[in-house]
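K.L.:
give me coordinates for this.
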Amino acid sequence: MRNTMSLMLLNTMASSLINYHSLAVHAFLMAPASRALPSRAALGMTPRYDKVAQKWFPSDPDLEGPSAGYGIIGSLYRAGPVPFFQRIVNAETYEQAVLKYMAQEGCDRVEAQGNMDAFLENPQDWAYQKMAEKNKGVPKKDYANANMEPTQVVLSTIWAGVVAGFGYDLVTGVADGRYGKTDADLFHGHLWNL
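P.N.:
Have a look, this model is predicted:
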């Protein structure tokens, strides 16, 4: 039941990705025709959908497959723990959503992954940003390079180490009895007796 709910959520997410952002936003369509470069979609270089298998497949695995993007740690740095855990728990659904976004938007894998991670981290803000880009001419946000400045990576790593250290100390401290009585039972009204 939980996998079905997760699959439905990610399927809805992929559909929302397509509804909120169209190809008309891309700068190639805004440029003069003589200078505009053909999009990946126009060149047939987008993932393709197999109706029999009901899955998306990369047309060129080297350019569109998982090896062309960034790994799970990249999702953790760019958008936090939610997309990190979604990539672990629902890897196939995440992959399908990324390929679908690539096909619909005509973008590369890193841009699609950045948008997918941003959507998973905060769907409302991501949708608002995409609608503002489409309707108000707001500059396009670069989700592929979000939080990837060297100083930000170092600060995030230090902060994660501090949080992990405190978490480890809390868990082992409670287990060892350093933070409360070991004979107390929190679930039967003894919370204030610690």
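K.L.:
got a pLDDT number for the nearest residue to Thr46 once chain neighbours are set aside?
P.N.:
The spatially closest residue to Thr46, leaving aside those adjacent along the chain, is Ala103, at 4.4 Å (Cβ to Cβ, 6 or more residues apart in numbering). Any C-beta I mention is one placed from the backbone N, CA and C, and that applies to glycine too. Model confidence at Ala103, expressed as pLDDT, equals 92.
K.L.:
likewise Thr46?
P.N.:
At Thr46, the model reports a pLDDT of 81.
K.L.:
so how far is Gly114 from it?
P.N.:
Distance check for Thr46 against Gly114: by Cβ to Cβ, to the nearest Å, it reads 17 Å.
K.L.:
the more surrounded of the two?
P.N.:
Taking other Cβ atoms under 10 Å, Thr46 and Gly114 do not tie; Gly114 has more neighbours (27 against 23).
K.L.:
the more buried one reaches Arg78, doesn't it?
P.N.:
Yes. Using Cβ atoms under 8 Å, Gly114 and Arg78 qualify as a contacting pair, with a distance of 6.3 Å.
K.L.:
now do the shared contacts for those two.
P.N.:
143-144, 146 (Cβ atoms under 8 Å, 6 or more residues apart in numbering).
K.L.:
count the neighbours of Tyr143 for me.
P.N.:
Using other Cβ under 10 Å, the number of residues around Tyr143 comes to 22.
K.L.:
what of the one 5 residues further on?
P.N.:
Applying other Cβ under 10 Å, we find 15 other residues in the vicinity of Met148.
K.L.:
now swap in Val154 and tell me
P.N.:
10.
K.L.:
ok, back up a step: these two touch, right, the residue nearest to Thr46 and Lys55?
P.N.:
No. Using Cβ under 8 Å, Ala103 is not in contact with Lys55; the gap is 11.9 Å.
K.L.:
okay, these two: which has more neighbours?
P.N.:
Summary of the neighbour comparison: Ala103 and Lys55, criterion other Cβ under 10 Å, with Ala103 having more neighbours (21 against 15).
K.L.:
tell me the spacing between the more buried one and Tyr70.
P.N.:
As judged by Cβ to Cβ, Ala103 and Tyr70 stand 19 Å apart.
K.L.:
over to Asp60?
P.N.:
Distance, Asp60 to Tyr70, using Cβ to Cβ: 18 Å.
K.L.:
same question for Gly106.
P.N.:
When Cβ to Cβ is applied, the distance between Gly106 and Tyr70 equals 20 Å.
K.L.:
circling back: who touches both of Ala103 and Lys55?
P.N.:
Residues touching both Ala103 and Lys55 by Cβ under 8 Å, 6+ apart: Tyr49.
K.L.:
so between Asp60 and Tyr70, which is more surrounded?
P.N.:
Shown here are Asp60 and Tyr70; by other Cβ under 10 Å, Tyr70 has more neighbours (17 against 11).
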